[in-house]
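[1] Any chance you could fold what I've pasted below:
(one chain, ligands or ions: 1)
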Amino acid sequence: MRIAYLQFAPAYLQVEHNLRAVEQLLTGVEADLIVLPELFATGYFFRSRAELLSVAEPVPDGRTTHRLARWARELEATFVAGLPERDGDRIYNSAVTTTPSGYRGRYRKVHLYDKEKTLFAPGAHGFAVFPFETANEEAYQLGVMICFDWYFPEAARSLALQGADIIAHPSNLVRPDCPRSMPIRALENHVFTITANRYG
Ligand code: ACM
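    A predicted model of the protein is given here:
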């Protein structure tokens, strides 16, 4: 199985620009699973709820999820990527999963970090693991958590106890101690973890 992660510097609120930038970077990538950062097409440090609302999308019927479904089909890969999800009056910091067959599911971030609490609603459905297959029909169990979830060992533990082989971890790292902690999450839970950060 081949896994890729894509890290880049998103331009704040420039969703179409960022989607095109990612599409270019994906050219020629061959992988079964591709992980993108948290809020990958919008930027992370929202100055106001109004600005966040201007880029929040319904899932699965939003532009970013549609694009992720197309990339999954074209590259024959599974994608995990973060976006701001609008559901009625609420906005969630979510990660969606798409496969060559289309949209597969979403995870809503449980542990919101710092000012995220003034912008997003916390996910209320906890952590879940789902079965996936590579293009060669190798089966694996995939769990998803988002950035600051790493700070709470129970997040990765809960995914591991549900049978996760791999934890995809879209991120916008703020604290410096995550890169030292994720290998420990992997070791103590006997799972592979893939953290995809933005840069810039
Ligand atoms: C974070 O959870 N993006 C720090």
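[2] The ligand contacts on this structure?
    Counting by C-beta under 6 Å from any ligand atom, the chain comes close to the ligand at 38, 113, 147-148, 172, 174. (C-beta placed from N, C-alpha, C; glycine too.)
[3] would you turn these into JSON lines with pLDDT, secondary structure and neighbour count?
    JSON lines is the format used below for those (pLDDT from 0 to 100; DSSP: H, G, I helix; E, B strand; the rest coil; neighbours: other C-beta atoms under 10 Å):
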{"residue": "E38", "pLDDT": "98", "secondary structure": "coil", "neighbour count": "28"}
{"residue": "Y113", "pLDDT": "98", "secondary structure": "coil", "neighbour count": "20"}
{"residue": "C147", "pLDDT": "98", "secondary structure": "helix", "neighbour count": "29"}
{"residue": "F148", "pLDDT": "98", "secondary structure": "helix", "neighbour count": "23"}
{"residue": "N172", "pLDDT": "97", "secondary structure": "coil", "neighbour count": "23"}
{"residue": "V174", "pLDDT": "93", "secondary structure": "coil", "neighbour count": "13"}
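[4] Closest to Y92 out of these?
    E38 (11.9 Å; C-beta to C-beta).
[5] hey, where'd the strands end up in the chain?
    Per DSSP state E, the chain carries strands over the ranges 3-5, 33-35, 78-87, 90-99, 102-108, 129-133, 139-144, 166-170, 192-196.
[6] and those, which is most packed in?
    Looking across those with neighbours counted as mean count of other C-beta atoms under 10 Å, the highest average goes to strand 166-170: a mean of 28.
[7] Tell me which other helices or strands that strand touches.
    For strand 166-170, the elements it packs on are strand 33-35, strand 78-87, strand 90-99, strand 139-144, helix 153-161, helix 178-189, strand 192-196, judged by 3 or more C-beta pairs under 8 Å, 6 or more residues apart in numbering; DSSP states H and E.
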